[in-house]
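Engineer: sharing a model prediction with you, sequence too.
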Amino acid sequence: MAAPIVIHRPSPTGGRRVTIRGQISGLAHDDHDVVEFLRRAGLPDAETLLDDPGWVEWRDGRAHQYAAA
């Protein structure tokens, strides 16, 4: 089963698009932004999910890095 949270590749201008269950949540510029998107989606333990591959897929880039591609 695919991870329900996808943090997409860094954009050319910086930041990474975040999708939760196929819905775009926003553009994250750091882990705090991702955690906020997850909390808004009803995931209260968001901080613990970022490094769980069952929940989060980091695409085309290193995890936790948001600088321009």
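Structural biologist: Structure's in. What do you need?
Engineer: SS state for the residue lying closest to Ala28 once chain neighbours are set aside?
Structural biologist: Spatially, and ignoring its direct neighbours in sequence, Ala28 is nearest to Val34 (4.6 Å; Cβ to Cβ, 6 or more residues apart in numbering). Placement of C-beta: from N, CA and C, glycine included. Per DSSP: H, G, I helix; E, B strand; the rest coil, the secondary structure class of Val34 is helix.
Engineer: the least confident helix or strand in the chain by mean pLDDT - contacts with which helices or strands?
Structural biologist: Sorting the helices and strands of the chain by mean pLDDT, DSSP states H and E puts helix 46-49 at the bottom, at a mean of 90. When contacts are defined as 3 or more Cβ pairs under 8 Å, 6 or more residues apart in numbering; DSSP states H and E, helix 46-49 packs onto helix 31-40.
Engineer: any idea how far Arg21 is from the residue nearest in space to the middle of the chain?
Structural biologist: In the chain, the residue lying closest to the centroid (Cα atoms, centre = their mean) is Ile7, at 3.5 Å. From Ile7 over to Arg21 the distance is 14 Å, taken as Cβ to Cβ, to the nearest Å.
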